[in-house]
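Peer 1: Mind looking at a prediction? Sequence and model below.
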Amino acid sequence: MDYIIQTVISALSVGSFYALGALGIGLLFSVLRLINFAHGDFITVGGFALIVPSSAVVATVAIGGLHPAIMVVAIVAIVVALAVISYFLVFQHSQTSSPATMMIVSFALGYTLQNLIVMIYGGRPKAVNIFPSLTGQVQLSDGVSVQILQLVIIAVTWILLIALVLFLKRTRVGVQMRAAAEDFRMARMLGVNGKNVIALAFVLSGGLAGIMSILFVTQTGVLIFRMGVPIMLFFFIATVIGGMGSLVGAVVGGYSVGIVSVVLSAILPEELRGFRDACVFILVIVILLARPQGIVLTKAAKERV
Amino acid sequence: MLLEVKDITVHYSRLPALREVSVTVDEGEIVCIVGPNGAGKSTTLLAISGVLNPTHGEILFDGDKINGMSAEAVARSGISQVPEGRHVFTTLNVEENLRIGTSIRKDRENIEKDFKHILEIFPVLAERRKQAAGKLSGGEQQMLVIGRALLTNPRIMTIDEPSLGLAPNLVDRVYETLIDLRRSRGLTLLIVEQSSERALKAADRLYVLRSGQMQLEGKAADLRDGEKVRQAYFGFEEGSADDGKVAF
Amino acid sequence: MIEANTPFLRMVRSFWPLVSLSLLLLIIVAAVDLSGDIILAQTLIEGLVRIVIVAALYMFIGNSGIISFGHIGFVMVGAYATAWQTCCPYTREMFMPGLPEYLLNTSHHFIPAILLGGLLAALVALIAGFAIMRMSGIAASIGTFAFMMVLYSAYLRWSTWTSGASSVIGLPTTTTPWVGYVYAVIALAAAYFYSRSKWGLALRSSRDDEVAAKAAGVNVFGQRLLAFVISAFFCGMAGGLFGHFLGMLTVDSFYLGMTFITLSMLVVGGMQSLTGAVVGVIMLSVVIDVLRRLETGVGSFSIPSSSAEVGVGLILLIILIFRRTGLTGNAEIYWPFKADISSSGAMKRQS
């Protein structure tokens, strides 16, 4: 029973993480039809921004050593800046292209970012220790002890989700963004500034990536240039399975993938545990064969992909 | 002249969709463009809205050149378009749809006044204020998009096929509302219509477009018997009514 | 001016892109062979193997319009399948202890080995494609990316058959420039004739307008799957060629790096053009080679390591932003001499 509770919390924690990631992808897809292959690398950049740029074997903390509140704000600001600069420098020019072309553009951007990181920081993994207190355990009841960070991730995710929903429903710009996501041309014909709405989507997506980089690095304690790639893949899978073009779908997809992933880890026999990711993908493909448009259906999703 | 479209040519890739088309609309007029499918009527409105860029020619609004401006900028200048197929934002509710119309306006007091006023003109929208726009009937959606366009406080409104997909009595209501708006707010209207009958009843002046070229222009009063319009619409020559050939 | 007025010349003219590209490569291979420069020969062989891969990519991506990030997975399948057959007869058990008896004890000649590697890759493509090609364009692309990642992590863990994170050493280095040339021409010919076939045409119709193609009776799923399988076959063979070029294999070489470089070569050259595939390979191979030499240093000047990758990334971004259709503008090389369309010319052709 205690084991089950711990697994549930673990599943919710991983699910929350993937939901945040899927949301970052989904925001840009709904407004711009862009599958951002560089999203994982934005997270990586956020992580590397914690240390001094050098290829030394042992990383010296720079921003990572500041007061926690300042550190969080600084990292988020850096990633948001990166996202917005990417929009104005790179994505803005391919806006009129097909989604396929934009996908390659983001892939190129991501790959370039990865190799710039190797150029500056070297290719070897570096250890980083931020928020060490969060990696400790907390006793929930007699026999159930979970990592504090897991609870933090769940809490942070829900705070962000609620904030995002309030933003999209209650603010003028938020409603404009929803309108632009559904029918970009019509929104522009009513005077909505397309460029601003898209830039705002990049700000939100970048902000989510920044927060995720802090959570991710706190958990893994390691920085390596490729660390964004596997998680980015899970974000895509979550978006596809949840229903592309729908933010609710992104969250549902994220939780689905996270829960399946943790459950598989728990029940797979020893020898197969390394193949857990492959099993997740196979399950996803089975679901997609039965329901290619994803779990959550919106009118928007039907016309989109 | 409030709106002047001067000899515009519009291409879709290498295909000319409009060839040297001219339209003028004076303040307070209701002008209709009619023509068969594929004539280029929607293309004309899209060129005015800034969604399409004419390869030749000019579009002047109140004397200022607007061709080449972005769609947002055109909307800000005071031209509002209700495109073909209504295009309500289905994921937003009625009120949110209407509020999008106020995106370009900054005068909060007047916005609220106008908002209440629109709800008075279209009481059915007031009833369904919080409903998802996708759930409204065709006629209600048409009212919604007209109200939404009105909230941008335009000097001229272009509407593409307001009768599309609506039952005849609903179409009557829509046109009644439009003519009423002209009377009460001095709104100028440029309407694209498939039905030349309907256009002749509502318009002050009429244009007939076919295969990307303007075939006929005139006061509705002069064209009321419909014969000249019919010829221009179908491309028949005088006396060869049995021909059935449509010139391309 | 050469008129195409004999049957032979007419045939040359109708297959001109294929003929001219093969001639171009022939000249390059012959020149490098004559020069005797070994290092240049190595770069050339790598380029020829890449031509096989990029031609296969063109076959699928150019005709279907679906970006595939997964074809390097097929290269890896073919490469290791070849290794199972030809590698290191005395030390095979040491590197890959899990192989079945039959594979541990037999060795094939490299040509059938490479062929079998291609066939295995095609089989894997058939199975994976069955699920992936049902998805719509963007989702299918994501599916191919997932496929590549799964294959990579599976081969990494399957150390009893692949040596996991360490290398398999000892494949016979039978891929010479001329061997590479033959396979490159075969791949180019396959891509060329497939594109001009009714299947290639059917697939291209779905690229431009999927709904219209389906309405016209095109089996979009079937055509996509066919292109996926054929292109996987050639990628598999390229993997075998690659293994016999390096003499060794590591799972890590078949991951993001190779995916990115081959995809870039196709896009930079022109996604929808076979000429583009070759142009892209040549251009980027030169750029990468130059940058790598600068990385190791010319005299006292050197640029930071990983500059080659960043350089390719920047080139790709620039092309995508300013010239989406690639260096060739999605066009092929056409017969440079004017056809004689006068009536006297027609009469001459008739007689």
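Peer 2: Cool, got the structure.
Peer 1: Please report how far the closest residue to B:Arg155 other than its chain neighbours lies from B:Ala203.
Peer 2: In space, B:Arg155 comes closest to B:Gly78 once its chain neighbours are excluded; the distance is 4.1 Å by Cβ to Cβ, 6 or more residues apart in numbering or on different chains. Quick note: C-beta positions are derived from backbone N, CA and C, even for glycine. Distance check for B:Gly78 against B:Ala203: by Cβ to Cβ, to the nearest Å, it reads 21 Å.
Peer 1: Which single residue in the stretch 51-200 of chain A comes nearest to chain C?
Peer 2: Of the residues in the stretch 51-200 of chain A, the one nearest chain C is A:Thr112, at a distance of 3.2 Å by Cβ to the nearest Cβ.
Peer 1: For that residue, which three-state class applies?
Peer 2: Secondary structure assignment for A:Thr112 (DSSP: H, G, I helix; E, B strand; the rest coil): helix.
Peer 1: looking at it, it is touching C:Ile318, isn't it?
Peer 2: No: with contacts counted by Cβ atoms under 8 Å, A:Thr112 stays clear of C:Ile318, the gap being 11.1 Å.
Peer 1: between those two, which one's more packed in?
Peer 2: More crowded of A:Thr112 and C:Ile318, by other Cβ atoms under 10 Å in any protein chain shown: A:Thr112, with 23 against 12.
Peer 1: Now do the same contact list for the more buried one.
Peer 2: Under the criterion of Cβ atoms under 8 Å, 6 or more residues apart in numbering or on different chains, the neighbours of A:Thr112 are C:Glu309, C:Val310, C:Gly313, C:Leu314, C:Leu317.
Peer 1: Pull the distance from the helix or strand harbouring A:Gly40 to the chain's centre.
Peer 2: When elements are defined using DSSP states H and E, A:Gly40 is found to belong to helix A:39-48. Relative to its parent chain, helix A:39-48 has a centroid offset of 10 Å by Cα atoms, centre = their mean, to the nearest Å.
Peer 1: tell me what it is packed against?
Peer 2: Secondary structure elements in contact with helix A:39-48, counted by 3 or more Cβ pairs under 8 Å, 6 or more residues apart in numbering or on different chains; DSSP states H and E, are helix A:2-32, helix A:68-89, helix A:99-121, helix A:194-220, strand A:222-223, helix A:228-242.
Peer 1: For C:Leu23, find the nearest of those.
Peer 2: Nearest to C:Leu23 among the helices and strands packed on helix A:39-48 is helix A:99-121 (30.9 Å), distances taken as Cβ to Cβ.
Peer 1: C-terminal to that closest one, what's the next element?
Peer 2: Using DSSP H and E, the helix or strand that directly follows helix A:99-121 along the chain is strand A:126-127.
Peer 1: Quick one: residues in contact with that next one.
Peer 2: Counting by Cβ under 8 Å, 6+ apart, residues outside strand A:126-127 touching it are A:Ile51, A:Val57, A:Val58, A:Ala59, A:Gly221, A:Val222, A:Leu223, A:Ile224.
Peer 1: Compare the residues you listed and tell me which is most surrounded.
Peer 2: Of the contacts of strand A:126-127, A:Leu223 is surrounded by the most neighbours, 24 neighbours in total, counting by other Cβ under 10 Å.
Peer 1: Isn't it up against A:Ala59?
Peer 2: Yes: taking Cβ under 8 Å as the definition, A:Leu223 is a contact partner of A:Ala59 at 6.9 Å.
Peer 1: Identify the contacts common to the two.
Peer 2: In the contact map built from Cβ under 8 Å, 6+ apart, the residues linked to both A:Leu223 and A:Ala59 are A:Ile51, A:Lys126, A:Ala127, A:Val128.
Peer 1: Using neighbour counts, trim the residues you listed to the buried set.
Peer 2: Buried residues within the shared contacts of A:Leu223 and A:Ala59, defined by neighbour count using 16 or more other Cβ atoms under 10 Å in any protein chain shown: A:Ile51, A:Lys126, A:Val128.
Peer 1: a markdown table for those, including pLDDT?
Peer 2: As requested, these are arranged in a markdown table below (pLDDT from 0 to 100):
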| residue | pLDDT |
| --- | --- |
| A:Ile51 | 89 |
| A:Lys126 | 90 |
| A:Val128 | 88 |
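Peer 1: Which member of those residues is positioned nearest chain B?
Peer 2: Within those, the smallest distance to chain B is 41.2 Å, found for A:Val128 (Cβ to the nearest Cβ).
Peer 1: burial count for C:Ile72?
Peer 2: Using other Cβ under 10 Å, the number of residues around C:Ile72 comes to 28.
Peer 1: after the helix or strand encompassing it comes which helix or strand?
Peer 2: When elements are assigned from DSSP H and E, C:Ile72 belongs to helix C:71-86. Read in the C-terminal direction, the helix or strand following helix C:71-86 is helix C:92-95, with elements assigned using DSSP H and E.
Peer 1: Can you get me a residue count around B:Cys32?
Peer 2: B:Cys32, neighbours per other Cβ under 10 Å, totals 25.
Peer 1: can you count the residues close to the closest residue to C:Leu115 other than its chain neighbours?
Peer 2: The shortest distance from C:Leu115 to any non-neighbouring residue, by Cβ to Cβ, 6+ apart, is to C:Met237 (7.0 Å). The number of residues packed around C:Met237, counting by other Cβ under 10 Å, is 32.
Peer 1: Now chain B against chain C: closest residue?
Peer 2: Nearest to chain C in chain B, going by Cβ to the nearest Cβ, is B:Ser13, at a distance of 12.6 Å.
Peer 1: List phi and psi for the spatially most central residue of chain B.
Peer 2: With distances taken as Cα atoms, centre = their mean, the residue of chain B nearest its centroid is B:Ile159 (2.0 Å). Reported as degrees, to the nearest 10, the phi and psi values for B:Ile159 are phi -130, psi 130.
Peer 1: Distance check, it against A:Lys169.
Peer 2: If you measure B:Ile159 against A:Lys169 using Cβ to Cβ, the figure is 30 Å.
Peer 1: Show me what counts as buried in the helix or strand hosting C:Arg50.
Peer 2: Assessed by DSSP H and E, C:Arg50 sits inside helix C:38-57. Residues of helix C:38-57 classed as buried under the neighbour-count rule (16+ other Cβ under 10 Å) are C:41, C:43-57.
Peer 1: How about stretch C:10-20?
Peer 2: Under the neighbour-count criterion of 16+ other Cβ under 10 Å, stretch C:10-20 has C:Val12, C:Arg13, C:Phe15, C:Trp16, C:Pro17, C:Leu18, C:Val19, C:Ser20 buried.
Peer 1: Of these, which is the nearest to C:Gly117?
Peer 2: Within the set of the buried residues of stretch C:10-20, C:Leu18 lies nearest C:Gly117; the separation is 24.7 Å, counting by Cβ to Cβ.
Peer 1: can you give me the offset of the helix or strand hosting that closest one from its chain's centre?
Peer 2: With elements taken from DSSP H and E, the one containing C:Leu18 is helix C:16-35. From the chain centre to the centre of helix C:16-35 is a distance of 17 Å (Cα atoms, centre = their mean).
Peer 1: Point out the other helices and strands that it packs with.
Peer 2: Helix C:16-35 makes packing contacts with helix C:38-57, helix C:177-196, helix C:274-296 when contacts are defined by 3+ Cβ pairs under 8 Å, 6+ apart.
Peer 1: Kindly recompute the last result at 10 Å.
Peer 2: On a contact count with 3 or more Cβ pairs under 10 Å, 6 or more residues apart in numbering or on different chains; DSSP states H and E, helix C:16-35 meets helix C:7-14, helix C:38-57, helix C:177-196, helix C:274-296.
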